[in-house]
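**Q** sharing a model that was predicted from the sequence below.
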Amino acid sequence: MGAELNRIFDAVAKNSIFTNKFVLQTSYTPENIPYRDKQIEQVASILAPALRGDRPSNLFIYGQTGTGKTLSAYYIRDELMKRAKDQSLPLRIEYLNCKLKKVADTEYRILAELIKKLGGEVPSTGLPTDQVYNKFIELVEKEKKLLIIIFDEIDQAVKKISDEFLYNLTRLNSELSQSQISLIGISNDLKFLDSLDPRVRSSLGEEELVFSPYNAVQLQEILRERSTHAFKEAVLEEGVLQKCAAYAAREHGDARRALDLLRISGELAEREGGDKIQTRHVDMANEKIDRDKIIDVIEAAPKQFQLVLLGVMNIHDTKKGDRIFTGEVYEVYSELCQKYRIEVLTQRRVSDILAEMDMLGLINAKLVSHGRHGRTRDIRLSIPNKIWNRVKEIILNNL
DNA sequence: AGGTATTCACATGAAACTATTCTCTGAGTTAGG
DNA sequence: TAACTCAGAGAATAGTTTCATGTGAATACCTGT
């Protein structure tokens, strides 16, 4: 045991692979963003009026995950602010990620977060929402600036709340005399705009912009560029970059995924004590990413959610290959609840939980109609059986 | 045979409820002048 | 009298329940040939 640990420590301490792992991390902002010149130019031209002190149009940016939306937004923000500072323009840009749980997934919290960024202070709960609004307006008014707010993953927020708060925000301008607000919404759901209230849609979508996915060649180029900073000479074996790019291209051209793959491949190779990254490391990394994601989700999930999952797994064990339906899951789940002395949820709720699992990719649920025999979900487990035991362990330990 | 109408087994939606967390307020209490 | 404490009111949220309504197609039921 000790010897093994020492081997690992030695291998990692020797650090035979990375020179600067940081450039592969998602938080890293490169100086130039390849293949996004056109989009950045467009955003810049849309926002340019801000430099004259005029209110730029609201902007809606659409693009799948890992297509450089957020990165570009950061980039433009920095450039604009640089410019504004030089000419001491009254401009302020705030970025807010609506996906962050516990930070920005309700109307109240979004406002609270904005207020905090503007230097105000609000309690995390206990205040009526309209008071928070007033406070926000007051603060913005005091700033006497043009305020551009970037809402990343805005669809998440609207899904949890209603689109009312967007409406309120877009209307805020009429209540402001000293300041003006522009909104930039970023989403990876194209249908999102259509699902909005027409009033909101027309005002948020004054300008629209699409970030198309990277293709495999572009991904490769991005990886090559970064890898020169990240790794020592000649640690990449032939085909590693290609493989990372190929995997990521399969995931709708997700550059973030490509970078993660490369970084984790490196970490795995390093852990083995080798000084080269091989294509098999990429395969391992790919699996690891999937596995870790699943484990994380399950660990964070509430007890009832876990029990439902356990129910699905148990059914899968007993009747191999056959289709699993909601009714069965509910039955098995109820038994489990009684066994572990946990209160049983309604079928209604379990139905929702199953839908959530589908969203999270833990199961694959398809709606099928069996005619006379009703409609139900056709459920298939999509957790790789390699980690079944770990999953069960997690759930059972959690009682 | 061909066409309708039923019917199943859930899905999906909306509203309302519950427990918990947090702030704010004001009454009552305490300690010092 | 100023400072402190502490219970209760009010608000928001997550997770749920209750009630209501929706739905795709295999089957049952006609109908006229």
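**A** Cool, the structure landed. Numbering: from 1, shown residues only, chains lettered A, B, ... in the order given.
**Q** give me the element the residue nearest the centre of chain A is part of.
**A** Centroid-nearest residue in chain A, with C-alpha atoms, centre = their mean: residue A:99, separated by 6.7 Å. Using DSSP states H and E, residue A:99 falls within no helix or strand.
**Q** and it, how close does it get to DNA strand C?
**A** Residue A:99 sits at a distance of 12 Å from DNA strand C (criterion: C-beta to the nearest atom of the strand, to the nearest Å). No exception for glycine: its C-beta is placed from N, CA and C like everyone else's.
**Q** same question for residue A:171.
**A** 19 Å.
**Q** verify the contact between residue A:223 and residue A:259 for me.
**A** Yes: Residue A:223 is in contact with residue A:259 according to C-beta atoms under 8 Å; the separation is 7.2 Å.
**Q** neighbours around the residue in the stretch 101-250 of chain A that DNA strand C sits nearest to, how many?
**A** Taking C-beta to the nearest atom of the strand as the measure, the stretch 101-250 of chain A has residue A:106 as its residue closest to DNA strand C, at 3.0 Å. Residue A:106 is flanked by 16 other residues according to other C-beta atoms under 10 Å.
**Q** do the same with residue A:271
**A** 13.
**Q** surely it is in contact with residue A:7?
**A** No: Residue A:271 lies out of contact with residue A:7 (C-beta under 8 Å); the separation is 9.8 Å.
**Q** looks like the residue nearest to the centre of chain A contacts residue A:158 (just checking).
**A** No: if you go by C-beta under 8 Å, residue A:99 and residue A:158 don't touch, sitting 11.7 Å apart.
**Q** one step back: distance check, the residue nearest to the centre of chain A against residue A:187.
**A** Residue A:99 sits 11 Å away from residue A:187, going by C-beta to C-beta, to the nearest Å.
**Q** residue A:352 now?
**A** Taken as C-beta to C-beta, the span from residue A:352 to residue A:187 is 23 Å.
**Q** between those two, which one's more packed in?
**A** For residue A:352 versus residue A:187, neighbours defined as other C-beta under 10 Å are more numerous around residue A:187 (22 against 12).
**Q** the residue nearest to that one when sequence neighbours are not counted sits in which helix or strand?
**A** Distances taken as C-beta to C-beta, 6 or more residues apart in numbering place residue A:155 nearest to residue A:187, at 4.3 Å, with adjacent residues excluded. Secondary structure from DSSP H and E places residue A:155 in helix A:154-160.
**Q** likewise residue A:184?
**A** Assigned by DSSP H and E, residue A:184 falls in strand A:180-187.
**Q** what's the following helix or strand after that strand?
**A** Counting by DSSP H and E, what follows strand A:180-187 is helix A:198-204.
**Q** for that following helix, name the packing helices and strands.
**A** Packing partners of helix A:198-204 (3 or more C-beta pairs under 8 Å, 6 or more residues apart in numbering; DSSP states H and E): helix A:164-171.
**Q** is the helix it packs on up against DNA strand B anywhere?
**A** No: Helix A:164-171 stays clear of DNA strand B (C-beta under 7 Å from any atom of the strand), getting no nearer than 13.0 Å.
**Q** okay, buried residues for that helix please.
**A** For helix A:164-171, burial by neighbour count (16 or more other C-beta atoms under 10 Å) applies to A:165-170.
**Q** how about the residues you listed in CSV, adding pLDDT?
**A** Converted to CSV, the buried residues of helix A:164-171 look like this (pLDDT from 0 to 100):
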residue, pLDDT
A:165, 73
A:166, 77
A:167, 76
A:168, 75
A:169, 78
A:170, 79
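**Q** next, count neighbours for the closest residue to DNA strand C within chain A.
**A** Nearest to DNA strand C, among the residues of chain A, is residue A:371, at 1.6 Å (C-beta to the nearest atom of the strand). Neighbours of residue A:371 under the rule other C-beta under 10 Å: 7.
**Q** can you pull the contacts of the residue nearest to residue A:187?
**A** A:187-189, A:192 (C-beta atoms under 8 Å, 6 or more residues apart in numbering).
**Q** which one of those has the most neighbours?
**A** Going by other C-beta under 10 Å, residue A:187 tops those with 22 neighbours.
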